[in-house]
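S.K.: Output the structure for:
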Amino acid sequence: MAKDPIKKADNGTYYFRANLGYNPITGKQIQKYRSGFRTKKEAKEEYSKLVLASTEELTTKKDGVSFQQFIEETYLPWYKTQVKESTYLNRATTIKKHFSYFYKMETDEIEPIHVQNWQLKLAKDFSPNYIRIVQGMLSIAFDRAIVLGIAKKNPSRMIGNIKSKKTKVDFWTLEEFQKVISLLCKKDYYEHYLFISFWLLFMTGMRIGEASALHWSDIDFETGLLSITKTLYYRTMTDYKFVEPKTQASIRTIYIDSDTLNELKAWQSVQQQVLPDCPLVLSYNGTPTSKTTLPRALEKLSNLAGVHRIKIHALRHSHASLLISMGENPLLIKERLGHEKIQTTLGTYGHLYPNTNLEVAKKLTGILQVQSATESIANYTSNQHTAIYHRTVEEK
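M.R.: Below you'll find the model as predicted:
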């Protein structure tokens, strides 16, 4: 026999708690609690209304979905299935950090003014280009909310993104890099590790995550081919993993020069004396290079060398700059850097070709050798401006 859902309270009124199925969006159980009914009949009538109501009515008319609930329980699990693991791991942290501004609001109640205020708040601490990336993620989240019926509009797209700002590509010239790396003493084990790390980044243009994930087995010392097939996702010394690069173009093989091969062999010999079975190229302690180790060393060395400070990623820009100064083709640079599109390469490094137009002008000088006709063959003398010209010449 089923239990009577209607209960009597100590004060003589009646109440009930109704279990009404599950929310089709969040998967959570729908429960309604009602109290204060003067008679049991009133309580039963209200209970019957709730039981007969559709799930859609209960979830859309009565209960909204908080933005925090939508992001953490619905959006992120779906987003994880749409992108590569490395992309998800990097972006999930960013999403939770910056979307928390809206967490206490219901998803369908977020208006364009709320997004604009959020933009202005971010602008106090972050660059326009970074904000554009984060807001792009927010727009995608609202697109998904609309598809699922959780929201009716996309306030992020309604308000529009902030203007992008062309950022200056920072890099070191060959001379500046030589000033810095020459300060390191390869007789010292740790400094030798720093030496090969900076050398490899400057001479290959690899991303720091790609270089940190590099194994000795990825290098063919006979052919000089280096295979880039993974990148490092690093949280702590004990919490890290090697994952696929974010784009197919990032998976590539590049040839490395003889000098770099010799430096790698020298480091391998030294490393094996301390870490006989270490599979990682850029490691001095058996674990991958942390996020802070190389940037801190680079900052200290640049100060000692009297060279302007750059971020670790700028060594990649420095490699591209070096290739451009050597006159290398942009398509070759694109392949070497692992860019998906040539527009990325040209858009990032095109300005580093300062003398291109001048060189073109010099090459065009004298290329045309023409002797003009002494009399008109095309017969344009009937043109009124031509007639005026000839009259003026004759009068003179």
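S.K.: drop to CA atoms for contacts and neighbour counts, all remaining ones
M.R.: OK.
S.K.: Would you mind identifying the helix or strand in the chain with the lowest mean pLDDT?
M.R.: The least trusted helix or strand in the chain, going by mean pLDDT, DSSP states H and E, turns out to be helix 55-57, with a mean of 56.
S.K.: Could you find the closest non-adjacent residue to Gly12?
M.R.: Arg38 (7.6 Å; Cα to Cα, 6 or more residues apart in numbering).
S.K.: Could you pull up phi and psi at that neighbour?
M.R.: phi -70, psi -30 (degrees, to the nearest 10).
S.K.: change the start of the numbering to 2 and stick with it
M.R.: With the count now opening at 2, the last piece we talked about shows up as Arg39.
S.K.: any idea how far Asn12 is from it?
M.R.: With distances taken as Cα to Cα, to the nearest Å, Arg39 is found 10 Å from Asn12.
S.K.: more crowded one of the two?
M.R.: Arg39 (13 against 7; other Cα atoms under 10 Å).
S.K.: who's in contact with the more buried one?
M.R.: 13-15 (Cα atoms under 8 Å, 6 or more residues apart in numbering).
S.K.: which residues are in contact with the top helix by length along the chain?
M.R.: Using DSSP state H, we find that the single longest helix of the chain is helix 129-148. Applying Cα under 8 Å, 6+ apart, the contact partners of helix 129-148 are 71-72, 76, 95-96, 99-100, 108, 120, 123-124, 152-158, 162-166.
S.K.: CA atoms only for stretch 288-305 - export them in PDB, please.
M.R.: Output of stretch 288-305 as PDB, limited to C-alpha atoms (Å, rounded to 0.1, in the frame of the first residue of the first chain):
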ATOM      1  CA  THR A 288      60.500  15.200 -14.300                       C
ATOM      2  CA  PRO A 289      59.400  17.600 -17.100                       C
ATOM      3  CA  THR A 290      60.400  21.200 -17.000                       C
ATOM      4  CA  SER A 291      58.000  23.200 -14.800                       C
ATOM      5  CA  LYS A 292      56.200  26.300 -15.900                       C
ATOM      6  CA  THR A 293      58.400  28.700 -13.900                       C
ATOM      7  CA  THR A 294      61.900  27.200 -14.100                       C
ATOM      8  CA  LEU A 295      62.900  28.500 -17.500                       C
ATOM      9  CA  PRO A 296      61.100  31.900 -17.400                       C
ATOM     10  CA  ARG A 297      62.800  32.800 -14.100                       C
ATOM     11  CA  ALA A 298      66.200  31.800 -15.400                       C
ATOM     12  CA  LEU A 299      65.600  33.800 -18.600                       C
ATOM     13  CA  GLU A 300      64.700  36.900 -16.600                       C
ATOM     14  CA  LYS A 301      67.800  36.600 -14.400                       C
ATOM     15  CA  LEU A 302      70.100  36.100 -17.300                       C
ATOM     16  CA  SER A 303      68.700  38.900 -19.400                       C
ATOM     17  CA  ASN A 304      69.300  41.300 -16.600                       C
ATOM     18  CA  LEU A 305      72.900  40.100 -16.200                       C
END
